[in-house]
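**Q** Curious how this folds, go ahead:
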Amino acid sequence: MTARGEETAALALHRFGFGPVPGSIVAIAHDPRGALLADLERPAAGWLSARMPSSEQAARAVFEFRAEQQAKQKLAQRAAKEAEAKSAAQATSDVTKAALAPAPPGPKPPENKGPQLPQQFIENEAQARFDAAIDADIGFVERLVWFWSNHFCISADKDVAMVGAYEREAIRPHVLGRFAEMLQAVERHPAMLFYLDNIRSMGADSIAGINGDKGLNENLAREILELHTLGVRSGYSQQDVTSFANVLTGWSWVDPGEPEHGGEFVFVKLLHQPGDQVVLGKPYPDSGATQGRAVLADLARHPATARHIAHKLACHFVADEPPPTLIDKLANRFKETDGNLKEVAKTLVTADESWTPRRTKLKPPSQWIVATLRLTGGQRPVAQAASNMDVTRVGVTKWPIGRTLAVQAALGEALWRPPAPNGWPDTEAAWIDGVPHRLDVANEIAGRLPAGLDPLTLLDSGLGPLASRDTRETIARAESRNQALALLVMTPEFLRR
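**A** Presented below is the predicted three-dimensional model:
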């Protein structure tokens, strides 16, 4: 084992994973690239072991919960009005009694019943997501899951019930499969159809459009072309957007209020624009739901899609301005393998351009949090429905998952709540101004760590040869152990990937 091998191993874990755990740099130093390739070949790579409700079940449950809450509010309002009426009628006769009676007890403090059902869904899904990232040996596949989830993003601000299940159902099963299959799964998932308003889209000449005097919504078609497949300035026109939007009319969902099938995908013929459509110069005969599937299949294999995906992968893992030769390699492999995402990932980690020693990518808040929790040993978030009390196991105090989500949101990257359909930004400029705010989080984590944890030992575990002499001197000269631990995860070497 050489120092160069350990340096490459540390680079691999930070650039392609979520950062090292104690011992992992040494463990893969003999063959860092081979370790990344092996992560792609793990049985059930990308899948979650936790069993949780499907998106349809979650949608129905949240609908029922909100209906019950609305009913309770109305009953409380009725009761309040009745009490007010009785109070007014008895006001005169009760004045003397009220004056002589002892003071009534004050209101009981509200019980901490934990998060309500919609938030429970978010926290349970987030718990499984964090567990997978923090517990991963390498973390390359999990990074790919996060990448694709952001590429095909939806928002919990629009639909809190389905967002976690969407990632499990539409992203994870296809993260090492073919792009065409992931694209089909994503675009017909009810969460995406709801997020981009396709459930309200209807052809102007459809039966529903004529009877309802309503029309087309182009959001889904536009974002598929601009964000999900071809990319901007790739040659499509506004007419292509409109034609594709007509193709996608009828792609909808069963209203979650329907108790048996609520939340499921459904093709509604009454909403579908009749007739053939032309998209990117190719005619597509009117064949109902399969018309849209045919367009998606062609978009998945379009050369512009290969180039767009290659650029985004290279930008995410290597540099904000990635080497053009790396983009070429990824795009060519995408086309050669018919969009085989495992083969594209292999090309990414075997390309020499991916291993430039200069680390220019800044970890966004979510990845920095996971890297910090991984390195500091066992600080895994813990789901707690009833309280935010600390839970201690083997001498390590853990965060409640609610606190982890709050911290991520405070740092500007709320989980599953991107600001727009193009997802969270992936460049240094988007995150650099918020880096100083991470120090409070670093101090909080440092204060929870076991007393025997040595900062210099942790420095070697987390950075190894990547740590500069200045960084080592800074950690060694820290005024306290907690300060040294906090400074460690705030060093330039740890902040970058």
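
**Q** where does the stretch 251-400 of the chain dip in pLDDT?
**A** The stretch 251-400 of the chain contains residues with pLDDT under 70 at 378-398.

**Q** Between its first and last residues, how far does stretch 34-53 reach?
**A** Stretch 34-53 stretches 36 Å from its first residue to its last (C-alpha to C-alpha, to the nearest Å).

**Q** Any buried residues in that stretch, and which?
**A** 35-37, 39-40, 45-46, 48, 52-53 (16 or more other C-beta atoms under 10 Å). Any C-beta I mention is one placed from the backbone N, CA and C, and that applies to glycine too.

**Q** Narrow those residues to those in helices?
**A** If you go by DSSP state H, these have 35-37, 39-40 in helices.

**Q** one step back: show me which of the buried residues of stretch 34-53 is closest to residue 469.
**A** residue 35 (27.6 Å; C-beta to C-beta).

**Q** Can you tell me, leaving aside adjacent residues, what's nearest to that closest one?
**A** residue 28 (3.9 Å; C-beta to C-beta, 6 or more residues apart in numbering).

**Q** and the one you found, what does it touch?
**A** 9, 12-13, 34-35, 138 (C-beta atoms under 8 Å, 6 or more residues apart in numbering).

**Q** go with 10 Å
**A** 5-6, 8-10, 12-13, 17, 20, 34-36, 38-39, 137-138 (C-beta atoms under 10 Å, 6 or more residues apart in numbering).

**Q** Closest one to residue 311 out of those residues, please.
**A** Set against residue 311, the nearest of those by C-beta to C-beta is residue 36 (20.6 Å).

**Q** Roughly how far does the closest one sit from residue 119?
**A** Distance of residue 36 to residue 119, given as C-beta to C-beta, to the nearest Å: 36 Å.

**Q** same deal with residue 88?
**A** For residue 88, the distance to residue 119 - C-beta to C-beta - is 39 Å.

**Q** the more surrounded of the two?
**A** It is residue 119, of residue 88 and residue 119, that has more neighbours when counted by other C-beta atoms under 10 Å, with 15 against 9.

**Q** Can you tell me the element the more buried one falls in?
**A** helix 117-135 (DSSP states H and E).

**Q** Check which helices and strands that helix sits against.
**A** With contacts taken as 3 or more C-beta pairs under 10 Å, 6 or more residues apart in numbering; DSSP states H and E, helix 117-135 sits against helix 55-100, helix 140-151, helix 163-166, helix 365-376, helix 401-410.

**Q** Quick one, which of these gets closest to residue 338.
**A** When the helices and strands packed on helix 117-135 are compared (using C-beta to C-beta), the closest one is helix 140-151, at 17.4 Å.

**Q** circling back to that earlier point, wait, which of the contacts of residue 28 is closest to residue 159?
**A** Looking across those and measuring by C-beta to C-beta, the closest to residue 159 is residue 17, at 30.3 Å.

**Q** What count of nearby residues applies to residue 288?
**A** With other C-beta under 10 Å as criterion, residue 288 counts 12.

**Q** now swap in the one 4 residues further on and tell me
**A** The number of residues packed around residue 292, counting by other C-beta under 10 Å, is 28.

**Q** Would you mind measuring from it to residue 249?
**A** 9 Å.

**Q** Mind listing the shared neighbours of those two?
**A** 198, 220-221, 267, 272.

**Q** Let's see which of these end up in helices.
**A** Short answer: those in helices (DSSP H) are 220-221.

**Q** Please check the shared contacts of residue 292 and residue 249 and keep the buried ones.
**A** 198, 220-221, 272.

**Q** JSON lines for those, including distance to residue 81?
**A** Shown next, in JSON lines, are these (distance: C-beta to C-beta, whole Å):
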{"residue": "198", "distance to residue 81": "42"}
{"residue": "220", "distance to residue 81": "45"}
{"residue": "221", "distance to residue 81": "49"}
{"residue": "272", "distance to residue 81": "48"}
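
**Q** residue boundaries of the helices in the stretch 301-450 of the chain?
**A** 303-317, 324-336, 341-350, 365-376, 401-410, 428-431, 438-448 (DSSP state H, counting those that start in this stretch).

**Q** which helices and strands sit right next to the longest one?
**A** If I follow you right, that is helix 303-317. So helix 303-317, by 3+ C-beta pairs under 10 Å, 6+ apart, packs with helix 140-151, helix 179-187, helix 289-300, helix 324-336, helix 341-350.

**Q** give me that answer again for 6 Å
**A** Contact analysis of helix 303-317 by 3 or more C-beta pairs under 6 Å, 6 or more residues apart in numbering; DSSP states H and E lists helix 324-336 as its packing neighbours.

**Q** mind saving the C-alpha coords of the helix it packs on as CSV?
**A** Provided in CSV are the C-alpha atoms of helix 324-336 (Å, rounded to 0.1, in the frame of the first residue of the first chain):
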residue,chain,number,x,y,z
PRO,A,324,-15.0,17.9,-22.8
THR,A,325,-13.3,14.6,-23.4
LEU,A,326,-15.1,13.2,-20.3
ILE,A,327,-18.4,14.3,-21.6
ASP,A,328,-17.7,12.8,-25.0
LYS,A,329,-16.8,9.4,-23.3
LEU,A,330,-20.0,9.4,-21.3
ALA,A,331,-22.2,10.4,-24.2
ASN,A,332,-20.7,7.8,-26.5
ARG,A,333,-21.1,5.1,-23.9
PHE,A,334,-24.7,6.1,-23.3
LYS,A,335,-25.4,5.8,-27.1
GLU,A,336,-23.4,2.5,-27.5
